[in-house]
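Trainee: Make a model of this:
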Amino acid sequence: MPYFDAASAAPLHPVARQALLAALDEGWADPARLYREGRRARLLLDAAREAAAAEAGCRPDELVFTPSGTRALHDGIAGALAGRRRTGRHLVVAAVEHSAVLHAAEALEAEGGSVTRVPVDRTGRVSAGEYAAALRPDTALAALQSANHEVGTEQPVAEAAEACRKAGVPLLVDAAQSLGWGPVPGGWSLLTASAHKWGGPPGVGLLAVRKGVRFAARRPADEREHGRAPGFPDLPAVVAAAASLRAVRAEAAAEAARLRALVDRVRARVPELVPDVEVVGDPVRRLPHLVTFSCLYVDGEALLHALDREGFSVSSGSSCTSSTLEPSHVLRAMGVLSEGNVRVSLPWGTDAADVERFLDVLPGVVAGVREHLGAPSEAPASVSPAGTELVVDALGKRCPIPVIELAKVFGDVPVGGLVTVLSDDEAARLDVPAWCGMRGQEYVGERAVEGGVAYTVRRRS
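Mentor: Have a look, this model is predicted:
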């Protein structure tokens with residue numbers, strides 16, 4: 001069964017498996033001890049740290065291992081903010097950062113600090129100029145992911161780092177999705193990553209803090225890992241993580257070119273094979289293995305289950321697959337269609353034949369979900385007189401039903417006429433304007449009504 005969700009967790013790399021098994025035999029002792037077994041474990045830990053630091057682009061004594069990438073982000077942000085508390089309590093982040101960064105930002109606000117969330121364009125990329133403009137005299141830290149985890153768009157890290165240097169603000173880069181593909185541009189002050197994104201074992205994160213960066217750990221001091229991670233790490237997993245990072249980086253250029261060609265084919269063919277699809281993310285400045293698209297009139301959860309029955313494991317940012325009933329914060333920040341969202345992220349070694357089979361299966365799967373939901377195949381001809389406004393009551397209905405109901409009645413409205421959709425589904429705020437853009441119709445705007453929001457559309461043609 002093809003696994004196409006490497007952005008969540010990549011399959012264990014063969015080198016990681018070999019290193020993990022070897023380290024289980026040799027690295028079980030406490031590396032802080034002076035006896036033979038402890039010295040052997042210490043040699044393994046030091047070698048793993050040196051290998052990981054070389055790939056991260058820092059000194060070994062600047063890097064520590066954490067229990068996860070999320071922990072690395074939380075500790076990195078908290079430590080940098082605490083170290084610069086005399087400067088201020090202002091944090092700058094991009095609106096599409098990983099939820100771990102946004103949760104840390106919310107915690108800062110709850111404690112009385114302030115956060116600037118820099119918006120992104122429809123490709124998911126921040127403007128380097130807007131990011132620089134968000135920096136203030138009281139900014140203690142800025143955070144920017146190297147590449148987005150949902151749509152693959154690469155961020156202008158080098159430009160942001162230069163702006164931060166001029167402003168005297170440390171920059172934390174979340175490199176979880178990109179470190180396996182290559183080094184992060186220089187100029188960063190703190191860097192985090194997660195081993196299971198590149199084929200290492202789960203439960204290993206990296207946190208690098210440049211010398212000279214003011215940093216104060218926000219937990220009781222520990223003599224291990226420079227006081228930044230309590231206890232000694234899961235040494236066999238750390239060894240496997242470092243070995244697999246070195247292995248994937250050695251093959252990254254060739255594999256990136258191969259997977260980029262497969263992703264380019266998906267980006268080109270999906271809109272040709274499936275009607276009413278929006279491919280999102282930057283088409284050029286992106287990760288080589290990831291593509292995301294959204295399908296009108298499709299329930300995301302039903303689509304993922306249908307693809308799973310066909311043997312394909314994919315992910316989604318659609319609110320239809322979320323217990324929160326809200327669309328992905330990334331798609332929301334981009335202002336793109338959220339319903340029926342599919343993220344395909346190819347692991348190393350993906351067979352081209354599996355990608356072709358996915359393209360063969362996808363049209364029928366989407367058509368089946370749309371038919372089950374009663375989605376229209378095309379808008380009917382206009383039959384109503386001018387001067388009227390249709391109101392569609394979709395209160396209490398989840399995506400994609402509000403947009404399906406809009407499409408069903410739209411043909412009953414003459415050119416220049418209005419349709420207003422009443423909805424309490426948060427996804428409608430994205431999906432109705434996106435539907436207008438895909439159909440060439442005018443989105444008039446929204447207004448609050450009892451029980452929800454009214455979204456109004458004008459027919460142009």
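
Trainee: Every contact and neighbour count from this point should use C-alpha atoms.
Mentor: Fine.

Trainee: where does the protein dip in pLDDT?
Mentor: The model of the chain has pLDDT under 70 over residues 219-228, 230-231, 318-325, 377-388.

Trainee: ok, which stretches of it are strands?
Mentor: Ranges of strands within the chain are 63-66, 90-94, 114-118, 139-145, 171-174, 190-194, 205-209, 277-280, 290-295, 341-345, 389-393, 418-423, 442-449, 452-458, based on DSSP state E.

Trainee: Deepest-packed of those strands, please.
Mentor: Each of the strands of the chain was assessed for mean neighbour count using mean count of other C-alpha atoms under 10 Å. The highest is strand 190-194, with a mean of 29.

Trainee: Output that strand in PDB with nothing but the alpha carbons.
Mentor: Only the C-alpha atoms of strand 190-194 are listed here, as PDB (Å, rounded to 0.1, in the frame of the first residue of the first chain):
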ATOM      1  CA  LEU A 190      18.100  29.100  17.000                       C
ATOM      2  CA  LEU A 191      17.100  26.000  14.900                       C
ATOM      3  CA  THR A 192      14.700  23.100  15.600                       C
ATOM      4  CA  ALA A 193      14.000  19.900  13.800                       C
ATOM      5  CA  SER A 194      12.400  16.500  14.300                       C
END
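
Trainee: got the contact list for that strand?
Mentor: Here strand 190-194 makes contact (C-alpha atoms under 8 Å, 6 or more residues apart in numbering) with 68-70, 72-73, 76, 170-177, 179, 202, 204-210.

Trainee: Go again with 7 Å.
Mentor: Residues from elsewhere that reach strand 190-194 (C-alpha atoms under 7 Å, 6 or more residues apart in numbering): 68-69, 72-73, 171-176, 204-210.

Trainee: got the strands of the chain as a markdown table, with distance to Ala237 columns?
Mentor: Listed next are the strands of the chain as a markdown table, based on distance: least, C-alpha to C-alpha, whole Å:
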| stretch | distance to Ala237 |
| --- | --- |
| strand 63-66 | 10 |
| strand 90-94 | 31 |
| strand 114-118 | 35 |
| strand 139-145 | 25 |
| strand 171-174 | 21 |
| strand 190-194 | 12 |
| strand 205-209 | 10 |
| strand 277-280 | 35 |
| strand 290-295 | 26 |
| strand 341-345 | 24 |
| strand 389-393 | 54 |
| strand 418-423 | 48 |
| strand 442-449 | 51 |
| strand 452-458 | 49 |
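
Trainee: of all the ones you listed, which lies closest to Tyr3?
Mentor: Nearest to Tyr3, of all those, is strand 341-345, at 8.6 Å by C-alpha to C-alpha.

Trainee: For the residue lying closest to Trp198 once chain neighbours are set aside, give me its contacts.
Mentor: Residue nearest to Trp198 in three dimensions, not counting chain neighbours: Gly180, with 5.2 Å by C-alpha to C-alpha, 6 or more residues apart in numbering. Contacts for Gly180 (C-alpha under 7 Å, 6+ apart) come out as Trp198, Leu245, Val248, Arg249.

Trainee: same question, Pro185
Mentor: Pro185 makes contact with Val157, Ala158, according to C-alpha under 7 Å, 6+ apart.

Trainee: 6 Å instead, please
Mentor: With contact taken as C-alpha atoms under 6 Å, 6 or more residues apart in numbering, Pro185 is in contact with Ala158.

Trainee: Which among the strands of the chain is found nearest to Ala257?
Mentor: Ala257 sits nearest to strand 290-295 of all the strands of the chain, at 12.6 Å, using C-alpha to C-alpha.

Trainee: ok, and what's touching the closest one?
Mentor: Taking contacts as C-alpha under 6 Å, 6+ apart, the residues outside strand 290-295 that touch it are Val151, Gly152, Val277, Glu278, Val279, Val280, Gly340, Asn341, Val342, Arg343, Val344, Ser345.

Trainee: What strands line up against that strand, and which way round?
Mentor: Sheet pairing here is set by DSSP bridges, and for strand 290-295 it gives strand 277-280 (antiparallel), strand 341-345 (antiparallel).

Trainee: roughly how far apart are Val169 and Gln145?
Mentor: Computed with C-alpha to C-alpha, to the nearest Å, the distance linking Val169 and Gln145 is 16 Å.

Trainee: ok, now Leu190?
Mentor: As for Leu190, its distance to Gln145 is 11 Å (criterion: C-alpha to C-alpha).

Trainee: Helices of this protein, residue ranges please.
Mentor: All helices of the chain, identified by DSSP state H, fall at 14-26, 36-56, 69-83, 99-110, 128-133, 157-167, 235-273, 300-309, 329-334, 352-373, 401-410, 428-439.

Trainee: list the helices and strands the longest one packs on?
Mentor: Counting by 3 or more C-alpha pairs under 6 Å, 6 or more residues apart in numbering; DSSP states H and E, the packing neighbours recorded for helix 235-273 are helix 14-26, helix 36-56.

Trainee: which of the ones you listed is buried the deepest?
Mentor: Each of those was scored by mean neighbour count; the highest is helix 36-56, a mean of 19, by mean count of other C-alpha under 10 Å.

Trainee: Point out the other helices and strands that that helix packs with.
Mentor: Applying 3+ C-alpha pairs under 6 Å, 6+ apart, one finds that helix 36-56 contacts helix 235-273.

Trainee: Show me what counts as buried in the helix it packs on.
Mentor: Buried positions in helix 235-273, judged by neighbour count with 16 or more other C-alpha atoms under 10 Å: 235-249, 252, 255-256, 258-260, 262-264, 266-267, 270-271.

Trainee: How many neighbouring residues does the nearest residue to Ala241 once chain neighbours are set aside have?
Mentor: Excluding its sequence neighbours, the residue lying closest to Ala241 (C-alpha to C-alpha, 6+ apart) is Gly200, at 4.5 Å. By the criterion of other C-alpha atoms under 10 Å, Gly200 has 30 neighbours.

Trainee: Tell me how far stretch 428-444 lies from the chain's centre.
Mentor: 24 Å (C-alpha atoms, centre = their mean, to the nearest Å).

Trainee: How about stretch 204-212?
Mentor: The chain centre lies 21 Å from the centre of stretch 204-212; the measure is C-alpha atoms, centre = their mean.

Trainee: now the residue nearest in space to the middle of the chain: how far from Gly83?
Mentor: In the chain, the residue lying closest to the centroid (C-alpha atoms, centre = their mean) is His149, at 2.3 Å. According to C-alpha to C-alpha, His149 and Gly83 sit 28 Å apart.

Trainee: can you give me phi and psi for the closest residue to Gly88 other than its chain neighbours?
Mentor: Spatial nearest neighbour of Gly88, excluding adjacent residues (C-alpha to C-alpha, 6+ apart): Asp138 at 4.3 Å. Main-chain torsions, Asp138, degrees, to the nearest 10: phi -100, psi 10.
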